[in-house]
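Enquirer: when you get a sec, could you give me coordinates for this:
(chains A, B, C, D, E and F)
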There are 6 protein chains.
Amino acid sequence: MRLQVPGYELLTQASNLQYSFSGTGVNVASAMTKLGHNGYLITKLPDNPLGDAAMSFLQRLGIERNFIVRDGKYIGMYFLENGFGQRASRVTYTNRLESTFNTADISDYDLASIAATTDVIHFCGISLAMTDKVRANMKAIAEKVKENGGIVCFDCNYRPSLWDGDYEKAKPHYEDMFSLADIVMMNEKDAMYILGMETEKLERKEQLQELIPQVAEKYNIQTIAGTHRNINEGNAHSLEGYMYKKDSFVFSKRITFSVYDRIGAGDAYTSGILHGELSGYEPDKTVEFAAAAGMLACTVSGDTPMSTEAEILAAVSGAKEDVKR
Amino acid sequence: MRLQVPGYELLTQASNLQYSFSGTGVNVASAMTKLGHNGYLITKLPDNPLGDAAMSFLQRLGIERNFIVRDGKYIGMYFLENGFGQRASRVTYTNRLESTFNTADISDYDLASIAATTDVIHFCGISLAMTDKVRANMKAIAEKVKENGGIVCFDCNYRPSLWDGDYEKAKPHYEDMFSLADIVMMNEKDAMYILGMETEKLERKEQLQELIPQVAEKYNIQTIAGTHRNINEGNAHSLEGYMYKKDSFVFSKRITFSVYDRIGAGDAYTSGILHGELSGYEPDKTVEFAAAAGMLACTVSGDTPMSTEAEILAAVSGAKEDVKR
Amino acid sequence: MRLQVPGYELLTQASNLQYSFSGTGVNVASAMTKLGHNGYLITKLPDNPLGDAAMSFLQRLGIERNFIVRDGKYIGMYFLENGFGQRASRVTYTNRLESTFNTADISDYDLASIAATTDVIHFCGISLAMTDKVRANMKAIAEKVKENGGIVCFDCNYRPSLWDGDYEKAKPHYEDMFSLADIVMMNEKDAMYILGMETEKLERKEQLQELIPQVAEKYNIQTIAGTHRNINEGNAHSLEGYMYKKDSFVFSKRITFSVYDRIGAGDAYTSGILHGELSGYEPDKTVEFAAAAGMLACTVSGDTPMSTEAEILAAVSGAKEDVKR
Amino acid sequence: MRLQVPGYELLTQASNLQYSFSGTGVNVASAMTKLGHNGYLITKLPDNPLGDAAMSFLQRLGIERNFIVRDGKYIGMYFLENGFGQRASRVTYTNRLESTFNTADISDYDLASIAATTDVIHFCGISLAMTDKVRANMKAIAEKVKENGGIVCFDCNYRPSLWDGDYEKAKPHYEDMFSLADIVMMNEKDAMYILGMETEKLERKEQLQELIPQVAEKYNIQTIAGTHRNINEGNAHSLEGYMYKKDSFVFSKRITFSVYDRIGAGDAYTSGILHGELSGYEPDKTVEFAAAAGMLACTVSGDTPMSTEAEILAAVSGAKEDVKR
Amino acid sequence: MRLQVPGYELLTQASNLQYSFSGTGVNVASAMTKLGHNGYLITKLPDNPLGDAAMSFLQRLGIERNFIVRDGKYIGMYFLENGFGQRASRVTYTNRLESTFNTADISDYDLASIAATTDVIHFCGISLAMTDKVRANMKAIAEKVKENGGIVCFDCNYRPSLWDGDYEKAKPHYEDMFSLADIVMMNEKDAMYILGMETEKLERKEQLQELIPQVAEKYNIQTIAGTHRNINEGNAHSLEGYMYKKDSFVFSKRITFSVYDRIGAGDAYTSGILHGELSGYEPDKTVEFAAAAGMLACTVSGDTPMSTEAEILAAVSGAKEDVKR
Amino acid sequence: MRLQVPGYELLTQASNLQYSFSGTGVNVASAMTKLGHNGYLITKLPDNPLGDAAMSFLQRLGIERNFIVRDGKYIGMYFLENGFGQRASRVTYTNRLESTFNTADISDYDLASIAATTDVIHFCGISLAMTDKVRANMKAIAEKVKENGGIVCFDCNYRPSLWDGDYEKAKPHYEDMFSLADIVMMNEKDAMYILGMETEKLERKEQLQELIPQVAEKYNIQTIAGTHRNINEGNAHSLEGYMYKKDSFVFSKRITFSVYDRIGAGDAYTSGILHGELSGYEPDKTVEFAAAAGMLACTVSGDTPMSTEAEILAAVSGAKEDVKR
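Expert: Alright, predicted model coming up:
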């Protein structure tokens, strides 16, 4: 649950908050529904008005409620104050470790039904940082889905503060997930810092091209993808996506664009990769599509991508009107 | 009636709308009142709470209600979602063809009184695209005003989607209006696409300088004016105005400025031309005034220009303070 | 689509509107999901941003999207200004007859799938007043569901203005629906005015007790239910529900309560009757449950009932706390 | 200019204000436009953005701008905190005596044009309490209008705090206005306290019936009218109107109604009397009409009456619907 | 920290929240500052933006920051959905037991300085229900203040849910506080349920008159005070206050009034008693003053009383104006 | 009291205002509290709800109320319309000369107590422009504080319009303050225009380096500091601070940054200088600190700086995160 001060005020200045329910899982599942798939979320929400509000919010995004368990009392929350220019945004967490999600048992989830329904399942490195229970649940679900022929996708999303900056603690859990995954979202930094791989190259793209094939081979991963992003002057960002599959790299054009709300761009990119893979796009079409999905997510308010396949394909083709009438 | 989602949210994300009543006619009439003239609007509004709301809104802008007929049930509406960066704005229309305005009969309007009161009358190409009734009404009113010695101004405002992209269908109606008009707002593209004129020049300004004199001669138009606008990086626009009168061109300086709300800039430019002509300004003063009026309209929220003659003249002279105390 | 002026201002005074998507069908389907059933809506929505917004809104309420067809351009809309005391609320309609719903063809709907999924289907007299197409669609769907063993519920909801006050025009269509229905929501006025039945009784409850059994017999209806409501001083209402089934009447207690938002109370009552019937409640429990559902719907903002079975049962039992901590 | 804290918060609790421009003159002039007349306001507003805002606001209400002079710097302002129950509303004034209106000279107003245009002119006792300049202006305008055959209406509106509770100071100015007036809005308290008349009756209505004829005779006033209002439990008020004309009294029914915003009811009553007199209504129709106008003004937000003749006549006839569709 | 859904919407319907920082301690301390005293709060707030916001909020109310310790991470929070009529308000707590206040050590507070500054200190039964640490802190501070000659006030504020309904668990802690207290806020129910006293009287006031003297004697309490409140029809409440001191009872008039926001009335009553005692009012003036303070607190938005001594005394004297100008 | 139109609308377009209480004194005092000092304000506020609101607002900022006198009726107010791009912001003043502050007598302030409490006192050139009373008060307070060993700081803040552009009128008052001051905030323009000093240098920095030492010597000022600011393209500003102390200059780096709200940057710079001086920072650390404080103040909404010492030091060191988690 995100409790956000509207505009650019601080908590000490304002007197109201906007609330929403988001996160990588929500964003990817919701983006997939916009792209024409059925999106599910596997989670546990408290059986109280906060849980009800979360349910309504997820349903509004088109996410199916079949695999959302309702029980317990607490939901993870954080307060967000938007930064401006030299002043960074600030996040203040409440006590998340006792949330129903972080204390859920594997028996809370109906593994058989999840595995039977799932074509692709997506896991996120942020959840992996939570509790031993969450980690065990993730691996159990991934195994079950894989067993049933589903595709397992894992997004590294490494956040140092969640592991107290301790790469050693994170590494075995990441390796477990890499071993289970068919598709991994990452870049060269994850290879170097989490997996401890080394390279003598200095330029990011060269590092990427050396390390990613090693990762794919070592953990037997079918597809690896990710982005290089830069924050330019003003509020312009630039983004270049890549995908490594069948021993070869494809890169998207480097695109530069104005940013309204930067959160969710990575998740939109992920959903573009998954959509391309599921739709049998050629790799170069997939990365262009994913990059454009990431760009459009930055033009929409809220974390959650809202673009349809047609809108993303139009953006890829470069058509840009001032007003669509 | 414009129903606009506040900020940059989509209709699927928001839950409230701002409404206003605008359009080229409203903008020009209102701008003229700010410049010290009496502004009237000739239209028909439904005799219900939506029509009442429109009346209040127009009165607030200083527009006189004498020539606004009240009867019938529907008003044309559209929903507007603001775009951001690579994401275009979107307009969703309701069924406009049955609005009271689009179904009004010429007998609904008091031609004699309109003609007696009018010094300058302004028509817009968007109305011309509506229905046969509207087209007939426009021509009848233009003739009557002209007969009484009033000046007829016609703004091309060609929107391909309203004519299903069919220039052939539009051409005879445009030619009728050109023949009735003393002042026409247009540029070289209108000459080429609507009127079917040809030029071998490649550069826009050269095309303009070749074609506009031909238009003036062919349709016997006293004054032709318009702008060339560019959208630059960030939200900066640049604008250069021109006026062709008595066989010679004057051009404004090309001015560059930050844009808050781009809609209404063209209408402000038109009102500047009309004000210059009515006030006996020299042509070069008129174009600079009109260009500055267009620029200031981009710094104000809403479609409707809000600047006074003094404010526009100050902007022409280049005075710029940070805060007026 | 409801476009409502917030608070008690008029359209001429305000400048923004709240929008939502509601109606009897939405209210009943949504209420059923709160009571633990799966709720579907059979409708056709335009394939544009207004349709997208409607979809999101319905999904938020928990309604499944399986039977919602997307195509066409227009959605029915009305503007609502809240009344106060002696000043009545005002509704201003846009042109609804061309909405995608009102112009949908029976082939737009997947009858086989609808019939296979449906336990109970609910129709409303307001839809019946729309167009010949809508009426034909309603009857075709009702027949198909009935054929498959589903229960057909019909709510009279007679609105004189929609039939131009012409009971004769409405009667055959109502009779068709009555003949198809297993459950009918109505009271003695519907019997007298629409069906043309007569009674010499003067008191409402006596009229009801005389006429409803005749209706049940004539049209072979298993269950008939409805309410008598009164508006008291202040903003207090009182409500007494009834159900006629297997040749006998049961009545709820007459309950009196403060009203926050009166719209949707009837639909909540309907959902209570359907839930009682589906759950095998005894008739007297069903009417008390339905009456309490109607009461609670009046304490919630918006048209759509939000109460769970547990909350309604608590209200039936009379438990009332000031603050639930 | 009214600066009002929204809802029921105090200035120390809130952080924003709603602003509007109202007062007896505005309310009566605006109400007359809703009843089909042309409404003008004679005032002087500062030549700055506050004056511009006031102009826009008045125009929105349909008031003509012909007699509004623009010059100077200040506008009278007050802050309003709404009371609730036992907590009274609070008004905090800024320094009003230096407002452009209160310092205007008679030469600022175009008396000839005012007199030529005016059928009825309305003055208010609140203005009379302001400054010697204002008092002199009021009398000069009243004389000029009367000379030209216009009807002069004066509304006592005595506010003790504006005269420092000093009836002796007010009396001669009130007598001057009474001598000029054709129609006076007042009741028995004004006769007793301001004019110093005496009666031995104890009941208000008897006092009224004894004193008003004396006032009419002494100052040669054609029509005198006013109301007796009571504040009941809850937020219900009751109101009984009277009119004394040609030596006889008519009284309206005593009507009781819920109140949303009590300010402006007296001004609506006044507009009803003026409309009845101008329209040649019979006295009993006039008082019922005026009373209903007063009642409806209490159901609308803001000070300014918004009802049309048709709506008021419907209220007189007692028709009351829950929702007008 | 209170996170409140505005108006009467549910968490599932709304998208923003108003936040404030309140509680019995805040309310009493703030009310004392309005009555001309210096108000302090002894608490511990997290050293993060939420703590900063709480500090700003408390300072706005005039509370001194001297005894507010800043450290740690969490603040107690609850979500509030306003009820309406038959629908009760709902409170949803987050995990409060780990808040900085509930985990504070006695060494966090500067006892010497607190004791040196304090004339009267107020404790609340809600805090007493929290943790052993809090209970120990309360008693240690009370002892230290008492030692230094300060007056100790204790408000029972028994909330069954906080003690899991277990009176036996609460009793020894209440007895400890009673033994330390000079002034106790309570009524006969506290005596019966918490202290286990018995009476054969059936009527509340008789029970009170029998039991309170026993409590005063047993625990050697100088002054005991409290209220009997009733919720009437509509939103009217009635309240009767009492004070027992020097072996005799005084009762306020039973006052009935409309309620805007009921929370905080008891705290206002307490502040009235403390103010009367500190100001040397006669007991009967004190109870009337406290009762009027309680009434006025119900007319103001928010939990925190905002009335000054002059305003409360005016309310006692019964003066009621519609608008204070 | 600042009454600000939200966003970029004009007073004629909007209908509500945000209000706050600010000014150089408020900004500096509040900034000092954020930096760990106790901040006081010496002023006189009316004894009415507007004064109460001002008190609450100041307390929220952490300003102590000891030296704020409460009496009288009026508070200085201004209306602010935000400019955009080429359209300047507009300020409309109400009649400020009769505010309680501008009419306060020196006897209203408790000089002895002020002097005893004050380490540093800050005066502003805007107050100096008000009335003779204010000027006399400023000098009397400065003398008294100086006598008691406090540091006197004076910020030139020359605003031509407040002196009717008359430097001659201002000069003696500025010289009086310069003679009393230990620290002066100014730059070369103040030396040239107010003090009438001359230089043949053309470049600003050279002028500064020539004139400031002369000022320091002539008026015996210990420390002089100030900034050179530029407004760049977009909404980027750049700022270079200087401090002259003990015969030598130090300059900060020229920093460039995006601006959210430009008002208050100078006051933040002043607070940085005072904090550096009070904390015994080296001059070069002080100017960098002050410049960073000025920059951060531009990233926060409202006039009042909100940054802590730690946040400013982090900005000096150049650390910049996107989101602080």
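Enquirer: get me the contact residues on chain A for chain D.
Expert: Neighbours of chain D within chain A, by CB under 8 Å from any CB of the partner chain: residue A:15. Yep, even glycine has a C-beta here, placed from its N, CA and C like the rest.
Enquirer: skipping adjacent residues, who's closest to residue A:109 in space?
Expert: Of all residues not flanking residue A:109 in the chain, residue A:42 sits nearest, at 6.2 Å (CB to CB, 6 or more residues apart in numbering or on different chains).
Enquirer: separation between the residue of the stretch 151-300 of chain A found nearest chain E and chain D?
Expert: Nearest residue of the stretch 151-300 of chain A to chain E: residue A:161, at 13.6 Å (CB to the nearest CB). Between residue A:161 and chain D the computed distance is 34 Å (CB to the nearest CB, to the nearest Å).
Enquirer: for that residue, phi and psi?
Expert: Residue A:161 adopts backbone torsions of phi -60, psi -30, taken as degrees, to the nearest 10.
Enquirer: do the same with the one 3 residues further on
Expert: Phi and psi for residue A:164, reported as degrees, to the nearest 10, are phi 50, psi 30.
Enquirer: next one, pLDDT for it please.
Expert: On pLDDT, residue A:164 comes in at 83.
Enquirer: do the same with residue A:257
Expert: 86.
Enquirer: give the contact list for residue A:5.
Expert: A:11, A:14, A:17, A:79-82 (CB atoms under 8 Å, 6 or more residues apart in numbering or on different chains).
Enquirer: just to check, residue A:32 is in contact with residue A:272?
Expert: No. Look at residue A:32 against residue A:272 with CB atoms under 8 Å: they stay out of range, at 10.2 Å.
Enquirer: the two: which has the busier surroundings?
Expert: A direct count of neighbours by other CB atoms under 10 Å in any protein chain shown for residue A:32 and residue A:272 places residue A:272 higher, at 32 against 24.
Enquirer: that one in helix, strand or coil?
Expert: At residue A:272 the chain is in helix, as set by DSSP: H, G, I helix; E, B strand; the rest coil.
Enquirer: for the residue of the stretch 1-150 of chain A found nearest chain C, which non-adjacent residue is spatially closest?
Expert: Distances between the stretch 1-150 of chain A and chain C by CB to the nearest CB are smallest at residue A:60, namely 3.8 Å. Computed as CB to CB, 6+ apart, the closest residue to residue A:60 that is not its neighbour in sequence is residue C:60, at 3.8 Å.
Enquirer: got the contact list for that neighbour?
Expert: Taking CB under 8 Å, 6+ apart, one finds A:56-57, A:59-60 in contact with residue C:60.
Enquirer: looking at these, spot the one nearest chain B.
Expert: residue A:60 (8.1 Å).
Enquirer: chain F contacts on chain A?
Expert: A:7-10, A:12-13, A:83-91, A:93, A:159, A:161, A:231, A:234.
Enquirer: quick one: buried ones out of those residues?
Expert: Among those, those scoring as buried are A:8-10, A:12-13, A:83-91, A:234 (criterion: 16 or more other CB atoms under 10 Å in any protein chain shown).
Enquirer: mind listing the strands for the stretch 201-325 of chain A?
Expert: Here the stretch 201-325 of chain A has its strands, by DSSP state E, counting those that start in this stretch, at A:223-231, A:236-245, A:248-251, A:255-258, A:323-324.
Enquirer: ok, the stretch 51-200 of chain A next?
Expert: A:68-70, A:78-81, A:89-93, A:120-124, A:151-155, A:183-185.
Enquirer: okay, the ones you listed in JSON lines with distance to chain C and mean pLDDT next?
Expert: Putting the strands of the stretch 51-200 of chain A into JSON lines (distance: least, CB to the nearest CB, whole Å; pLDDT from 0 to 100) gives the following:
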{"stretch": "strand A:68-70", "distance to chain C": "12", "mean pLDDT": "96"}
{"stretch": "strand A:78-81", "distance to chain C": "22", "mean pLDDT": "92"}
{"stretch": "strand A:89-93", "distance to chain C": "25", "mean pLDDT": "89"}
{"stretch": "strand A:120-124", "distance to chain C": "21", "mean pLDDT": "97"}
{"stretch": "strand A:151-155", "distance to chain C": "25", "mean pLDDT": "97"}
{"stretch": "strand A:183-185", "distance to chain C": "27", "mean pLDDT": "98"}
